[in-house]
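A.B. asks: Got a predicted model here, sequence first, then my questions.
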Amino acid sequence: MRIVTSEQLTPPGTQLASPAPSEALGDHAGGFSLSEQAQGKKAFVTPTDKVTGLPYPIMPDQKWLPLHRPNVADDHHHFHPGSHPLLKSVGGAALRNCRLQRVALKPHNYGPDSYHAYFVGPNIPTDPVDQFKTCVYACAGFIPQYGIDMSDNGPQVIELLPGHIKALRRSNPNDSFGYRDLWYNYEPLRKFFTNFALQQDFNLIERRMLSKFLMTTDEQHKEHLTRKLISAAARLAVDPMIGEYRELHKTGQLHPRMDADPSVLVYFKIRNKPVPRNLLPRVERKVRATLAA
């Protein structure tokens, strides 16, 4: 097992060193108060993957963790604390819900050497483009190369071995595109993806399609064009990340069943629930505003 470092970490083979309070704590201490810091509480910033922005997971228990046993295992939100103001916006709520992990209770949230006894959480991106990218990678099943080991007297960042990755990739019997112990809450992501896609520049969509959408009086054709416009908006939304996404897909770092085109993922997250006719009024307002500009 190879111990590695990040910009916030000490040299290989050593434990994390607590940063100064001014570095670890901003206006919001992420569950740690200044008085607690003064009493010697640790306040580490959770390290994140540089490409995807996803926080490193807690090293998985390679045993089969039980469901519905809160005295044995509980759920870890990778973006925390939930009370942080930056997690209250539509994009922030999507980040909060984009990656949860089922972990053993003790290393997560029980005792002085647990994760939450040390970490204030990751730096939270404020740019919607960065928020969107991170949420897409979470939905695509990306697993970082490193994890946070809480097994021995405080945290260390460790390279995930094949056994750890296999444990994180345990299949979900209810979702052929998901994992058992890593998942996301769908509704906050659907809301954010919809808003983000409809904020794209529709001037980049074929003008003939926009005009046909407004002119048609056939209800089924209108719904068909709504789906096509959502798909086009999804392609615009993922354009800045498509190269790196395809590279991670090619190297097998995403869920094995994930499509190589991230716009497919975004499109289906938007339109799975509500049906297209429920999105039609919003799409129509966007199209009218584009053609009137």
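C.D. replies: Good, I have the coordinates.

A.B. asks: Doesn't Arg285 belong to a strand?
C.D. replies: No - going by DSSP: H, G, I helix; E, B strand; the rest coil, the assignment for Arg285 is helix, not a strand.

A.B. asks: That one: neighbouring residues, count only.
C.D. replies: 11 (other C-beta atoms under 10 Å). Every C-beta, even on glycine, is put in place using the N, C-alpha and C of the backbone.

A.B. asks: what sits against Asp61?
C.D. replies: Ala73, Val103, Ala104, Ala167 (C-beta atoms under 8 Å, 6 or more residues apart in numbering).

A.B. asks: Top of the residues you listed by number of neighbours, please.
C.D. replies: Val103 (23 neighbours).

A.B. asks: Pull up the pairing partners for the helix or strand hosting that one, direction included.
C.D. replies: Following DSSP states H and E, one finds Val103 within strand 100-104. Using DSSP bridges, strand 100-104 pairs in its sheet with strand 73-77 (antiparallel), strand 182-183 (antiparallel).

A.B. asks: Need those strands in JSON lines (columns: distance to Pro122 and mean pLDDT).
C.D. replies: Listed next are the strands paired with strand 100-104 as JSON lines, based on distance: least, C-beta to C-beta, whole Å; pLDDT from 0 to 100:
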{"stretch": "strand 73-77", "distance to Pro122": "11", "mean pLDDT": "88"}
{"stretch": "strand 182-183", "distance to Pro122": "16", "mean pLDDT": "95"}
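
A.B. asks: just these: most buried one?
C.D. replies: Comparing the strands paired with strand 100-104 by mean neighbour count (mean count of other C-beta atoms under 10 Å), strand 182-183 ranks first with a mean of 22.

A.B. asks: Following the chain onward from it, which element is next?
C.D. replies: helix 186-198.

A.B. asks: For stretch 271-280, buried residues please.
C.D. replies: Neighbour-count burial for stretch 271-280, with 16 or more other C-beta atoms under 10 Å as criterion, is recorded at Arg271, Pro276, Leu279, Leu280.
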